[in-house]
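Q: output the structure for:
(one chain, ligands or ions: 2)
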Amino acid sequence: MALLHCGNLTLEGKSSSAVATYIRVKELDLVFDLGRCPMHFIGTNHVFISHFHLDHYFGLPIYISQRWLSDIPPGNIYVPSSGFRQLTHILDMLSALDMGRRWVYRVTPVHVGDALRFRQNLIAHILPGNHSVPAVSYLICEVRKKLKPEFHELQGHEIAALRQSGTEVTTEVQLPLIAYLGDTRGIPLDVHPLLKQCQVLICECTFVLPEHRARAKKTMHLHLDMLLPMLDELESEHVVLTHFSRRYTPELIRQKVFSRLPEKERARVKLFL
Ligand SMILES: [Zn+2]
Ligand SMILES: [Zn+2]
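A: Numbering: from 1, shown residues only. Ligands and ions are numbered 1, 2, ... in the order given. Predicted coordinates:
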């Protein structure tokens, strides 16, 4: 299992094209995609599914049933709205087959443009995906309270008095923490102003060899050739590449990616292998 430290966030899991992708961020109590479900992911309370290719969601029945068997309340599973009905139908069929009764689970269909509040101080922005099936990307922001500019000059006791009189002295600001693009043919930087500023950007890079350019286009995946020019636009402290084709060995991936990265990018680009 891969383990990657990106500032104060730790990414843990696996990502291999067509095999399985599941990436846990323990500090945020969430998992991006659940192609398989390791037993120690069962207690994680938020699961964000990018699309319905098997390698991205097939761990859900284990996640749901193991929580159910362990008397853990249902986790919060977010899925693209387009497959919501089929997914819940499949889950109900599986639970009937497995237990003779229905598992209790909580699946929320998400739509592009939604902003879902979770864990009190986090928001998941739902961004469009660009893949061969309907897909979404997720941008997770932390919400912080900040004193409104008009009160910056005031003393502490004056602010306290305003608060007591019922005046709202703070406003909410969002700090972009991490984005997960799922399987995608591009990075949708223009769809949300905070995306390019997120501390950690998890981006697929399925193909790295020149002879796989056509395959990348056909299967709607990113090729290393496309990613390199986009790096200039990204302000992220960490750019994590995932979902490499299983045709490649880890050594080949490292060699191809780092031999083409400009010197200035080498410290922030990381491989989730
Ligand atoms: Zn995939
Ligand atoms: Zn896919």
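
Q: what's the burial count for Ser259?
A: 7 (other C-beta atoms under 10 Å). Placement of C-beta: from N, CA and C, glycine included.

Q: and what of Val104?
A: 11.

Q: contact partners for it?
A: For Val104, the contacting residues are 68, 74, by C-beta atoms under 8 Å, 6 or more residues apart in numbering.

Q: count of residues packed around Leu194?
A: Neighbours of Leu194 using other C-beta under 10 Å come to 14.

Q: any idea how far it is from Ser82?
A: Separation of Leu194 from Ser82 (C-beta to C-beta, to the nearest Å) stands at 25 Å.

Q: do Gln197 as well
A: 29 Å.

Q: same question, His5
A: Taking C-beta to C-beta, one finds His5 at 35 Å from Ser82.

Q: looking at those two, which one has more neighbours?
A: Neighbour comparison, His5 and Ser82: the larger count goes to Ser82, with 16 against 11 (by other C-beta under 10 Å).

Q: all helices for the stretch 151-273 of the chain, in order.
A: Using DSSP state H, counting those that start in this stretch, the helices of the stretch 151-273 of the chain run over residues 156-164, 213-218, 224-230, 250-260.

Q: what residues does the stretch 1-150 of the chain have near ligand 1?
A: Asp55 (C-beta under 5 Å from the ion).

Q: try the stretch 151-273 of the chain
A: Asp183.

Q: got phi/psi on the one residue in the stretch 151-273 of the chain that gets nearest to ligand 1?
A: Relative to ligand 1, the nearest point of the stretch 151-273 of the chain is Asp183 (4.4 Å; C-beta to the ion). Note on Asp183: backbone dihedrals following degrees, to the nearest 10 are phi -90, psi 130.

Q: ok, the spatially closest residue to Ser81 that is not a sequence neighbour - how many residues close by?
A: Counting by C-beta to C-beta, 6 or more residues apart in numbering, the nearest residue to Ser81 once its immediate chain neighbours are dropped is Pro109, at 3.7 Å. Residues lying near Pro109 (other C-beta under 10 Å) number 15.

Q: spell out the secondary structure type for Pro109.
A: At Pro109 the chain is in strand, as set by DSSP: H, G, I helix; E, B strand; the rest coil.

Q: that one and Ile62, how far apart?
A: Taking C-beta to C-beta, one finds Pro109 at 21 Å from Ile62.

Q: quick one, strands of this structure?
A: With DSSP state E, the ranges of strands along the chain come out as 2-6, 9-16, 20-25, 30-34, 46-48, 76-80, 106-110, 115-118, 122-128, 136-147, 170-180, 200-204, 238-242, 269-271.
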